[in-house]
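Asker: model this:
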Amino acid sequence: MSDRNPYSQRLPVDENRDHLMVQVAKLYYDLDHTQAEIATELGLTRWQVGKLLSGARTAGIVRIEITPRVSRKTSLEVELQQRFRLRDAIVVPMGEITDPSLLIDSVAQAAASYLANLNPKPQLLGVSWGRTMAAVARALTPGWNPGVHVVLVNGNSALHVTSSRNTAVAEDFAASAGGQATLLPVPAIVGKRSTRDALEEDPIIGRVLSLAEAAPVAVFGMGGLSHQSVLTDSGYLAQDDIARLRALGAVGDVLGRFVDADGHIADPGLDDRTVGLRLDRLQQKEWAIGVVAGEEKHPIARAALKAGYVTVLVTDEATARNILDEPA
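Answerer: Reported below is the predicted structural model:
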């Protein structure tokens, strides 16, 4: 017989098949019968029961809806994963809330929960710094990953002292876990490429950068192109620099590296003076967890996804919809 399974010939192919699919689906999904029990009860084979259940889903008789216990927009998550080939996506519904601090805190909590539940837990974790990452650090529960080694992946020695802990992210991640932190105690941006080269050739700084490259998991925020950027607040960039970057097509930064709408470096000269993990190395990581929220970050979130800098996206609903509204 040419048919690989002769039982398939015995299933009805008309309206009776729909009735049979409904009957099988009720027994399986509503009455918790096993496929073997259904087969015995209806005089079918287990293979036939499986085929009817599959057909019921295809025909729309059965619709499976994922309803997580935490508030998430799973339909948007699936779209993001499919379009950008992500390992995972977490989309936090925020309704009509547009306040940046509330958006950041909500998305940071989701990111902290996701990170704490990674399996296996990373023993070496790379992190960036900034407002979003500081919020993630605050949201981590004590003892979330005992013994973890946290390494800072980009320079963060601020030129201007502020009262915030936006630059103390690695220390806060490690302290909350009961682990240790390795810092990158150099400026995020220096004045000359030769200075950056000299810093990276230093054995101590080189070891930190090697750790950053070796970390299988990296968690990072994304910066919008704004005069309120942490890089301007920290004294690395002036207002004129932001205007110049905008004229060059920059939409924001990833790890302090400014990119255009396609994720390409917008200002190679500035990038040559930037200290830290390079974006091509970020693309190689199995777990590159990008955390981003707020209207100002829509362009940079889209650019990072296009360029493949992100394998897991944690964001708010409005950002997710904005990204998906643009044609693929």
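
Asker: since we're on T182, how many residues are nearby?
Answerer: The number of residues packed near T182 is 17, by other Cβ atoms under 10 Å. Using the backbone N, CA and C atoms, a C-beta is placed for each residue, glycine as well.

Asker: repeat for Q123
Answerer: Residues near Q123, counting by other Cβ under 10 Å, number 13.

Asker: Find me the pLDDT at it, would you?
Answerer: At Q123, the pLDDT value in this model is 97.

Asker: Next, give phi and psi for it.
Answerer: phi -90, psi -20 (degrees, to the nearest 10).

Asker: who touches it in this structure?
Answerer: Shown in contact with Q123 (Cβ atoms under 8 Å, 6 or more residues apart in numbering): G147, V148, H149.

Asker: are any of these buried, and which?
Answerer: For the contacts of Q123, a burial check counting by 16 or more other Cβ atoms under 10 Å picks out V148, H149.

Asker: Can you add distance to V314 and secondary structure and give the contacts of Q123 back as TSV?
Answerer: Listed next are the contacts of Q123 as TSV, based on distance: Cβ to Cβ, whole Å; DSSP: H, G, I helix; E, B strand; the rest coil:
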residue	distance to V314	secondary structure
G147	24	coil
V148	19	coil
H149	22	strand
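
Asker: of all the contacts of Q123, which comes closest to A175?
Answerer: V148 (10.8 Å; Cβ to Cβ).

Asker: distance of the spatially closest residue to that closest one that is not a sequence neighbour from H149?
Answerer: Nearest non-adjacent residue to V148, counting by Cβ to Cβ, 6 or more residues apart in numbering: G179, 3.8 Å away. Plainly put, G179 is 6 Å away from H149 if you go by Cβ to Cβ, to the nearest Å.

Asker: follow-up on the earlier one: so which of the contacts of Q123 would you say is closest to A39?
Answerer: V148 (48.9 Å).

Asker: per-residue confidence at the closest one?
Answerer: V148 carries a pLDDT value of 98.

Asker: Tell me the spacing between it and T141.
Answerer: Separation of V148 from T141 (Cβ to Cβ) stands at 13 Å.

Asker: For stretch 26-38, list every residue counted as buried.
Answerer: Using 16+ other Cβ under 10 Å as the test for burial, stretch 26-38 gives L27, Y28, H33, Q35, I38.

Asker: Quick check: closest non-adjacent residue to T98.
Answerer: Spatial nearest neighbour of T98, chain neighbours left out: E295 (7.0 Å); criterion: Cβ to Cβ, 6+ apart.

Asker: OK, contacts around that neighbour?
Answerer: By Cβ under 8 Å, 6+ apart, the contact set of E295 is T98, A318, T319, N322.
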